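> coords please:
(one chain, ligands or ions: 2)
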Amino acid sequence: MLKRLREVMAEELGAQERLDKIVRHIAANMVAEVCSVYVLRADNVLELFATEGLKPEAVHEASLRVGQGLVGTIAATARPLNLDDAQSHPAFAYLPETGEEIYQSFLGVPILRAGRSLGVLVVQNQASRTYREDEVEALETTAMVIAELIAAGELEGLNRQGTGLDLSRALRLVGSPLAEGIGLGYVVLHEPRVVVTNLFNEDADKEIERLREAIGRLRISIDDLLDRREVAKDGEHREVLEAYRMFANDRGWVRHMEEAIANGLTAEAAVEKVQSDNRARMIRQSDPYLRERLHDFEDLAYRLLRELVGRPHGPLSGDLPGDCILVARNMGAAELLDYNRDNLRALVLEEGSPTSHVVIVARALGIPVVGQMQNVVSMAESGTSVIVDGDEGVVHLRPVAEVETAYAEKVRFRASRQKQYEALRDEPPVTRDGINIDLSMNAGLAMDLPQLAQSGAVGIGLFRTELQFMVAARFPRPGEQERFYREVVQAADGKPVTFRTLDIGGDKVLPYIQSVPEENPALGWRAIRLSIDRPGLIRGQIRALLKATAGRELRVMLPMVTEMREIRRVREIIEREVEILSSFGHELPRSLKLGAMIEVPALLWQLDELMAEVDFVSIGSNDLFQFVMASDRGNAKIASRFDPLSRAFLRVLRTIVVKADEHHVPLTLCGEIAGRPLSAMALIGLGLRSISMAPSSIGPVKAMVRQLDAGKLSEILLPEIARPAREQTIRELLTDFAGQHGILY
Ligand code: PEP
Ligand code: MG
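Ligands and ions are numbered 1, 2, ... in the order given. Okay, the predicted model is just below:
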């Protein structure tokens, strides 16, 4: 049948004629009295586009809503229906204009592309019969050809009303706002799909052979991965690979692909077809475990496609075309940094949470992010125009002109607000009741440095030194580190910079250091733990910092401190380095301040010792919150389950404020909550007088500070957090307060 269809596709024909010819061929080939094509319009109606056997005058007249009748049910479920007595099916809806009442048997399959129904292909017979499995397969394969026709835009304009077809429909998708800002551009898939252009095979046996060889290579590559030492232990990574291996050996999967080839498809098109069927099932699957497994299946199909076209490895990174909206299931911070920032307008993730590192890095780079957007990877085709609204957590695929205009206006409005913030740049961050709040910025890359002057930050409250290590192709040499730190202090131009020592491990992996798989990496061998066990690392870093800050103040901060002896150990290392450098006659920093991050709950019961041990402390609320609430900061499923503005967490923060005051130890907070005006307001109400945030947040937070009466807020907030929970949450109390006092948040 496909051979005939190929000829029809190659003929010089109008779109309607071509479709008419296709249904005639299918009917003849399947010995069916009827063959009809219904195409989904943008208004969610399936319109009869061509028929052999039904009344010709019904074409472009007969229509059904998605979910209505047999055809609508097939489109809604993306599953075939094979019935020997169609009229007794509960969903049967009689369309008198078609004259279909005399046909008893019915076989309908969805016309799928990337798992989405674009229409329905139907054959009908008068006599009662059940269509054989191979007939169902053949009809599905044929449906794929029609899907290509629709996707190529050939049928555009044939439909009755001027609504357009579904595939060209504008879609508004709602996810979670993870990093603010608006991005306009075109979809670039982080893991690009291989575009299958050649659908029809010349020689089925040869294609089956190609498929088998590619599957063979795929199996070997997965076995290799499993054999590698780093996945030798049990763990999630291994589980995923085992699942891959299982799928790669799945007879059903291979059989379906071989059948599609036998029906006339190329190996690539067969993989694509079976993958599309699977994806259609996945999109409708609600069991999270099965969804996850089906995702694995998808990955495997991508790998197989890449094997077939000879491009087995790797996502696209590096240079991008202009105005890119990057779309991915998820990605690591280092992977994001692989892209050229200049062309990147926004990031859309199926997963992601506000404090996952990729999101923190995106925020630092000023890239808007929307996350937790289900199935966006299958819905977004490369090159599709898209608007990402990181303020609202909304993505517009193929936006209509009105939406584009509205967003252009929004972008203008943001720019003017940005101007207002810029005007605030040299205004002091002082509350209405005269309290100064130090607003510092977080940084980590050379490209962040110009923001120090532009944002009006008083300094760099958190310099994440690991980012330099994460973007490097190999371990930065001591000389390189020193040069980089010198560049940072020079750019700071006398403003204080707090350098945090390497915070690697957990989800921050360095591509060139083999990481040992851990059951719970966030609780594992990371940050200061790793530095102490591998003192060479931290020694080199300290030496580079000492040299780079000669004649100035050096502020060093330690991540993930759990016990006092960790601080003492690093102090010893610093003292030793100071000794060595001065014995060689190097100029040293004018003064040296050593601080600790409060991120591990154990410190809450050592606050007196801690305050006596260090020169300053900084609350890492991202990690502290995840450990206090036992809630993985990178897990999208629970990202919004617990509120950082809950009584429990605010009480924790208040305890720290009280202790720091008591000991006169400077305190700051540098987690993501510092950058949101409402939570920053809460922090000030708790007594914090210094916070550090992404540079783009300084303007909005300063605007809030200048409207705030901190004393009044504390009077309400402090007694409230001490009380047992009641109906009104603290967040509601804060939004009410902001509303009453005209504070923008
Ligand atoms: C934190 O944990 O709050 C923090 C600032 O550090 P990071 O986000 O880099 O872990
Ligand atoms: Mg942290």
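> In terms of pLDDT, where does the residue nearest to residue 373 when sequence neighbours are not counted sit?
Among residues not flanking residue 373 along the chain, residue 175 sits closest, at 3.4 Å (Cβ to Cβ, 6 or more residues apart in numbering). Yep, even glycine has a C-beta here, placed from its N, CA and C like the rest. What the model reports as pLDDT for residue 175 is 93.
> Residue 230 too?
pLDDT at residue 230 comes out at 46.
> can you check residue 4 too?
At residue 4, pLDDT is 84.
> Same question for residue 36.
At residue 36 the predicted local distance difference test score is 96.
> Please, which helix or strand holds it?
strand 34-40 (DSSP states H and E).
> Any idea how far that strand is from the middle of the chain?
A distance of 37 Å separates the C-alpha centroid of strand 34-40 from that of its chain, computed with Cα atoms, centre = their mean, to the nearest Å.
> which residues are in contact with the helix or strand where residue 439 lies?
In the assignment (DSSP H and E), residue 439 maps to strand 438-443. Under the contact criterion Cβ atoms under 8 Å, 6 or more residues apart in numbering, strand 438-443 has outside partners 364, 429, 448-449, 451-452, 455-464, 488, 496, 498, 668, 670, 689-695, 698, 701-702, 705.
> So which of those sit within strands?
Among these, the members found in strands (DSSP state E) are 460-464, 498, 668, 690-693.
> Which members of those are the farthest-apart pair?
Based on Cβ to Cβ, the longest span within those runs between 464 and 690 and measures 17.8 Å.
> Which residue ranges make up each domain of the protein?
2-168, 171-192+316-415, 204-309, 424-740 (automatic domain parsing).
> Tell me which of those domains approaches ligand 1 most closely.
Ligand 1 lies closest to domain 424-740 among these, at 3.0 Å (Cβ to the nearest ligand atom).
> Mind checking the pLDDT average for the closest one?
94.
> so what's the closest residue to ligand 2 within the stretch 451-600 of the chain up against?
Of all residues in the stretch 451-600 of the chain, the one sitting closest to ligand 2 is residue 599 (5.0 Å; Cβ to the ion). Contact partners of residue 599, counting by Cβ under 8 Å, 6+ apart, are 559-561, 619-620, 622-624, 627.
> if you set the cut-off to 7 Å instead, what comes out?
By Cβ atoms under 7 Å, 6 or more residues apart in numbering, the residues touching residue 599 are 559-560, 620, 623-624.
> which ones among the residues you listed are found in helices?
In this view, these that belong to helices under DSSP state H are 623-624.
> and the contacts of residue 599 near ligand 2, which?
Subset of these in contact with ligand 2: 620, 623, counting by Cβ under 5 Å from the ion.
> excluding its backbone neighbours, what's nearest the residue positioned nearest the centre of the chain?
Central residue of the chain (Cα atoms, centre = their mean): residue 349, 1.9 Å from the mean position. Distances taken as Cβ to Cβ, 6+ apart put residue 371 closest to residue 349, at 4.3 Å, once the chain neighbours are dropped.
> picking that back up, so what touches the strand holding residue 36?
By Cβ under 7 Å, 6+ apart, strand 34-40 touches 19, 23, 26-27, 46-54, 71, 75, 103, 117-124, 146, 150, 155, 165-166.
> is stretch 502-521 up against ligand 2 anywhere?
No. Stretch 502-521 lies apart from ligand 2 when judged by Cβ under 5 Å from the ion; the minimum separation is 6.2 Å.
> And that stretch, end to end?
Using Cα to Cα, to the nearest Å, one end of stretch 502-521 lies 16 Å from the other.
> which residues are contacting it?
With contact meaning Cβ under 7 Å, 6+ apart, stretch 502-521 is reached by 230-231, 233, 235, 237, 333-334, 357, 464-466, 469-470, 474-475, 522, 524-527, 530-531, 537-538, 541, 559-560, 634.
> out of those, who's near ligand 1?
Residues of the contacts of stretch 502-521 in contact with ligand 1 (Cβ under 6 Å from any ligand atom): residue 464.
> Residue numbers of this structure in contact with ligand 2?
By Cβ under 5 Å from the ion, the residues of the chain that approach ligand 2 are 599, 620, 623.
> Now the residues you listed in CSV, please, with extra columns for distance to residue 591.
Output for the residues of the chain next to ligand 2, formatted as CSV (distance: Cβ to Cβ, whole Å):
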residue, distance to residue 591
599, 25
620, 24
623, 28
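> So, low pLDDT: which residues of the stretch 51-200 of the chain?
For the stretch 51-200 of the chain, the stretches with pLDDT under 70 are 162-163, 193.
> Please identify which of the residues of the chain next to ligand 2 is nearest to residue 605.
Proximity of those to residue 605 (Cβ to Cβ) peaks at residue 599, which lies at 14.4 Å.
> Could you report the neighbour count for residue 167?
Applying other Cβ atoms under 10 Å, we find 22 residues neighbouring residue 167.
> Residue 367 is in contact with residue 344, correct?
Yes. Applying Cβ atoms under 7 Å as the test, residue 344 and residue 367 come out as touching, 5.7 Å apart.
> All the strands of the stretch 201-350 of the chain, in order from the start?
If DSSP state E, counting those that start in this stretch is used as the criterion, the strands of the stretch 201-350 of the chain fall at 324-328, 344-349.
> most tightly surrounded among the ones you listed?
Between those, strand 344-349 has the highest mean count of neighbours, a mean of 26, where neighbours are mean count of other Cβ atoms under 10 Å.
> Would you mind measuring from residue 618 to residue 680?
15 Å (Cβ to Cβ, to the nearest Å).
> Okay, residue 706 and ligand 2: tell me how far apart.
According to Cβ to the ion, to the nearest Å, residue 706 stands 29 Å off from ligand 2.
> show me the contacts for that residue.
Residue 706 neighbours (Cβ under 7 Å, 6+ apart): 427, 430.
> Mean pLDDT and distance to residue 13 added to the strands of the stretch 201-350 of the chain, as CSV?
As requested, the strands of the stretch 201-350 of the chain are exported to CSV (pLDDT from 0 to 100; distance: least, Cβ to Cβ, whole Å):
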stretch, mean pLDDT, distance to residue 13
strand 324-328, 94, 36
strand 344-349, 95, 39
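> Reformat those into CSV and put distance to ligand 1 next to each item.
Below are the strands of the stretch 201-350 of the chain laid out as CSV (distance: least, Cβ to the nearest ligand atom, whole Å):
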stretch, distance to ligand 1
strand 324-328, 20
strand 344-349, 17
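> residues contacting the nearest residue to residue 270 once chain neighbours are set aside?
Counting by Cβ to Cβ, 6+ apart, residue 270 lies nearest to residue 260, which is 3.7 Å off, once chain neighbours are set aside. Residue 260 makes contacts with 141, 270, 273-274, as judged by Cβ under 7 Å, 6+ apart.
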